[in-house]
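[1] no letters, just coordinates:
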Ligand SMILES: Cc1ncc(COP(=O)(O)O)c(C=O)c1O
């Protein structure tokens, strides 16, 4: 039985937009680096879930954890896992924290996680799956957690606070040093979601001094960092780093049917190693300096776009600190945000609307010349009104 004629398959796939033109500005994923795509395809059958069969790939995962760990001062006692993306990493992080901490509470206590309103939806999913109460704290006009309200939200059942390093909406980073102090004062864990920002902030000048995205903050139990966003490898590729092995041990299961009966601390059993290998291949080729160059070029282009939009009368409510930008239209502007969004999509430029702003994620294929094309189009759209 044939469900779809071969030509229909081609037709359907032709409907997809492609990243390479540099006109997708709505996604935190992008075209992978060519070197990474090549390594990915060559290693498509590697399975991190079966380390007896794929002992070499298991070693690659350890090396990738060391590289990512180095960016965040992961202690030598630290460990981690390469997963399918940021959502799985955040869910796994809360799963480990819940299991590690719940012994101290009565079974009837609803365990609570305090998080800024800006957190990614994966924390709502995690709370639902794990039976946790997610307490969302209002954010400041700078789109960071309100520290006073975070402290007010803490109860005797709080087991962790979430800090975000690179919010989905505007790329902002929470005051991690202050959150760390709060966690230490109350003796609970902190998880940092750096799914996007984890491979951005470490490459910016003065990053450590400014942001302190680091395990040197003693309350930090775990950090999410995706390799399929700013790591420039094909999907799926997420990463989770743990301060020490007590966290993965709290969610460990043995697989009796596989050779060597491996222990797993991951949601999935079969786990592709292709993007992990792709990351190591790319890192070996371009290294810290290569990532630094890509990141700084994306951020420079984002600041260029922000300035040019402002010149045209748009409002940038939050100055971008990384390569994510939100822009509002003032009341007297010829086009409002939904209209502008629609017209740009019609012309093949994808943006999204977040918190009333037109949101642009500037990834490597979107070079300055491409942004100049976008600005030309914007000028035409304004003139036509
Ligand atoms: C801050 C943050 N965390 C987590 C995620 C979820 O990542 P994924 O889509 O890879 O599951 C995203 C996705 O955009 C994100 O921006």
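    Everything's here; your move. Being a predicted model, the structure only gives us computed values, none of them experimental.
[2] can I assume residue 295 sits in a strand?
    No. Counting by DSSP: H, G, I helix; E, B strand; the rest coil, residue 295 is not found in a strand; it is helix.
[3] distance of the residue nearest to it when sequence neighbours are not counted relative to residue 293?
    Leaving out its chain neighbours, the residue that sits closest to residue 295 by CB to CB, 6 or more residues apart in numbering is residue 203, at 4.1 Å. Backbone N, C-alpha and C define where each C-beta goes, glycine included. Residue 203 sits 9 Å away from residue 293, going by CB to CB, to the nearest Å.
[4] so which bits of this structure are right by the ligand?
    28, 85-87, 90, 120, 122, 164, 166, 168, 193, 195-196, 226, 238 (CB under 6 Å from any ligand atom).
[5] contacting residues for residue 160?
    Applying CB atoms under 8 Å, 6 or more residues apart in numbering to residue 160 gives the contacts 94, 97, 101, 113, 114, 183, 188, 189, 190, 191, 221.
[6] just give me the closest of the residues you listed to the ligand.
    Ranking the contacts of residue 160 by separation from the ligand, with CB to the nearest ligand atom as the measure, puts residue 191 on top at 11.1 Å.
[7] can I assume that closest one sits in a strand?
    Yes. Assigned with three-state DSSP, residue 191 falls within a strand.
[8] number of nearby residues for it?
    29 (other CB atoms under 10 Å).
[9] where is the longest strand in this structure?
    Of all segments of type strand in the chain, defined using DSSP state E, the longest is strand 158-164.
[10] what helix or strand does the closest residue to residue 4 other than its chain neighbours sit in?
    Beyond its immediate neighbours in the sequence, the residue positioned closest to residue 4 (CB to CB, 6+ apart) is residue 12, lying 7.5 Å away. Here residue 12, judged by DSSP states H and E, is contained in helix 6-14.
[11] do the same with residue 70
    Residue 70 belongs to helix 55-71, assigned by DSSP H and E.
[12] that helix packs against which elements?
    strand 79-83, strand 238-242, helix 274-311 (3 or more CB pairs under 8 Å, 6 or more residues apart in numbering; DSSP states H and E).
[13] mean neighbour count added to those, as JSON lines?
    Formatted as JSON lines, the helices and strands packed on helix 55-71 follow (neighbours: other CB atoms under 10 Å):
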{"stretch": "strand 79-83", "mean neighbour count": "25"}
{"stretch": "strand 238-242", "mean neighbour count": "28"}
{"stretch": "helix 274-311", "mean neighbour count": "18"}
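[14] got those as CSV, with mean pLDDT and distance to residue 72 columns?
    Conversion of the helices and strands packed on helix 55-71 to CSV gives the following (pLDDT from 0 to 100; distance: least, CB to CB, whole Å):
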stretch, mean pLDDT, distance to residue 72
strand 79-83, 98, 10
strand 238-242, 98, 6
helix 274-311, 98, 13
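[15] related to what we said a few turns ago, show me what counts as buried in the very next helix or strand once past the helix holding residue 12.
    Using DSSP H and E, the next helix or strand after helix 6-14 towards the C-terminus is helix 34-42. Under the neighbour-count criterion of 16 or more other CB atoms under 10 Å, helix 34-42 has 35, 36, 37, 39, 40 buried.
[16] which one of these sits closest to residue 282?
    Distances from residue 282 to these, taken as CB to CB, are shortest for residue 36 (4.4 Å).
[17] so which of the helices and strands packed on helix 55-71 gets nearest residue 127?
    strand 238-242 (17.4 Å).
[18] between strand 189-193 and the closest one, find me the angle.
    Angle, strand 238-242 to strand 189-193, by axes from the mean of the first three to the mean of the last three CA atoms, to 10 degrees: 160 degrees.
[19] tell me the centre residue of the protein?
    In the chain, the centroid-proximal residue (CA atoms, centre = their mean) is residue 195; its distance is 2.1 Å.
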